[in-house]
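In: Got a sequence here, can you model it:
(2 chains)
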2 protein chains.
Amino acid sequence: MTISMYQASAPRFVNTLNNLSALLDKAAAHCDAKKIDPAALTAFRLYPDMFPLNRQVHIACDAAKNVMARLAGVEVPKHEDVEQTFPELKARIAKTVAFIQTIKPAQVDGSEEKEIALKIGGSDMKFKGMEYLLGFAQPNFYFHVTTAYDILRHNGVEIGKKDFLGKY
Amino acid sequence: MTISMYQASAPRFVNTLNNLSALLDKAAAHCDAKKIDPAALTAFRLYPDMFPLNRQVHIACDAAKNVMARLAGVEVPKHEDVEQTFPELKARIAKTVAFIQTIKPAQVDGSEEKEIALKIGGSDMKFKGMEYLLGFAQPNFYFHVTTAYDILRHNGVEIGKKDFLGKY
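Out: Residues are numbered from 1 along each chain as shown, chains lettered A, B, ... in the order given. This next block holds a predicted model:
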């Protein structure tokens, strides 16, 4: 009895992306209730040279999409980073979830030792599949979803860790 | 070829905890350089009813310690939440890493279906081992480490995602 690469990847990304989408619903409802311009949240940064909320969502989506495509050995679909509003960001998440759901367990299982080469911040990086998934892609993914959460929380949106963890 | 429960847990927690310890070094150096009272950072919250930095570190440590102990079926060691300063918080992290390193792969491997029962926020929760590790404990752990990072970044400490991801 062990964990498959699929079990450690697709369902984790899909659950957390759906939780992120629900967080954005609460943020949009907060803006409605408080008569706040939603762009005050979607463009908010925790520090001037950090990414704003909408980019945190883009990057979280790409982190999940890219690892699934690379492990499965399919072309990484290019999703342009154009979404700004809450409905657009939710659509980006839905598009990402739909892509992940096209990947079958058999395409990803057995990729533990697969060579993964990519460029990160201009540097060439090489990983084995399991190390890439567990040591790089998962922390990176949770990093951006959590930072999106922290931006909303910092701005007074009434969300809690239960919303972040969602269904498990 | 698959992933073992040990591979998906102990090395991930240990790497990220060591990265968190290095983030605290940078924060302490920042306080020295800028003549800032370190307590201005360790007691900082992103919102009045969020936990401050020192509690984020305590909770990240406990999230890792508790899942390792529960999967291994050993008593969960109680670490009192008394650390306030950067050196104390680094010692708490080191104590957590030392505990995780006492757990042998054979104690954790095969725990995918193990029944895990715990109380979270007053509610009784039941998990199977793999679901507990991948669906609850890992996102929860990364949540608190990322929030610690976001608190430091929000306060101008010069850290980047590279520091968060550290060695992988």
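In: ok, A:D124 touching A:I116?
Out: No: shown here, A:D124 and A:I116 do not form a contact pair, counting by C-beta atoms under 8 Å, at 11.5 Å. No exception for glycine: its C-beta is placed from N, CA and C like everyone else's.
In: Looking at these two, which one has more neighbours?
Out: Between A:D124 and A:I116, counted using other C-beta atoms under 10 Å in any protein chain shown, A:I116 has the larger neighbour count: 19 against 8.
In: pretty sure the more buried one is in a strand, no?
Out: Yes: when the secondary structure is assigned by DSSP: H, G, I helix; E, B strand; the rest coil, A:I116 falls within a strand.
In: who touches the residue sitting nearest the centre point of chain A in this structure?
Out: Most central in chain A under C-alpha atoms, centre = their mean is A:A60, positioned 2.5 Å from the mean C-alpha point. Listed by C-beta atoms under 8 Å, 6 or more residues apart in numbering or on different chains, the contact partners of A:A60 are A:17, A:20, A:141, A:144-145, A:148.
In: now swap in A:Q138 and tell me
Out: Listed by C-beta under 8 Å, 6+ apart, the contact set of A:Q138 reads A:8, A:12, B:12, B:138, B:142.
In: Also A:K65?
Out: Listed by C-beta under 8 Å, 6+ apart, the contact set of A:K65 reads A:76-77, A:79, A:96, A:99-100.
In: so which helix or strand takes in it?
Out: A:K65 is part of helix A:53-72 when elements are defined by DSSP states H and E.
In: Need the CA coordinates for that helix. CSV is fine.
Out: Listed next in CSV are the C-alpha coordinates belonging to helix A:53-72 (Å, rounded to 0.1, in the frame of the first residue of the first chain):
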residue,chain,number,x,y,z
LEU,A,53,-4.1,39.0,-5.6
ASN,A,54,-5.0,38.4,-9.2
ARG,A,55,-1.4,37.3,-10.0
GLN,A,56,-1.3,35.1,-7.0
VAL,A,57,-4.4,33.3,-8.4
HIS,A,58,-2.8,33.1,-11.9
ILE,A,59,0.4,31.6,-10.5
ALA,A,60,-1.4,29.1,-8.2
CYS,A,61,-3.3,27.9,-11.3
ASP,A,62,-0.2,27.6,-13.4
ALA,A,63,1.7,25.9,-10.6
ALA,A,64,-0.9,23.1,-10.6
LYS,A,65,-1.5,23.0,-14.4
ASN,A,66,2.2,22.9,-15.2
VAL,A,67,3.2,20.1,-12.9
MET,A,68,0.3,17.9,-14.0
ALA,A,69,1.2,18.4,-17.7
ARG,A,70,4.9,17.8,-17.1
LEU,A,71,4.4,14.7,-15.1
ALA,A,72,1.9,13.4,-17.7
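In: Quick one: distance of it to the chain centre.
Out: 5 Å (C-alpha atoms, centre = their mean, to the nearest Å).
In: Ok, stretch A:14-28 next?
Out: Computed by C-alpha atoms, centre = their mean, the separation of stretch A:14-28 from the middle of its chain amounts to 10 Å.
In: Show me what counts as buried in that stretch.
Out: Judged by neighbour count using 16 or more other C-beta atoms under 10 Å in any protein chain shown, the buried positions of stretch A:14-28 are A:14-17, A:19-24, A:27-28.
In: Give me the next element, helix or strand, following the helix or strand harbouring A:K90.
Out: Element membership for A:K90, per DSSP H and E: helix A:86-102. Under the assignment DSSP H and E, the closest C-terminal helix or strand after helix A:86-102 is helix A:105-108.
In: How about residues contacting that following helix?
Out: Contacts made with helix A:105-108 from outside it, assessed by C-beta under 8 Å, 6+ apart, are listed as A:4-7, A:9-10, A:68, A:71-74.
In: Columns distance to B:P48 on top of these, output as TSV?
Out: Putting the contacts of helix A:105-108 into TSV (distance: C-beta to C-beta, whole Å) gives the following:
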residue	distance to B:P48
A:S4	43
A:M5	42
A:Y6	42
A:Q7	39
A:S9	37
A:A10	38
A:M68	38
A:L71	42
A:A72	44
A:G73	48
A:V74	46
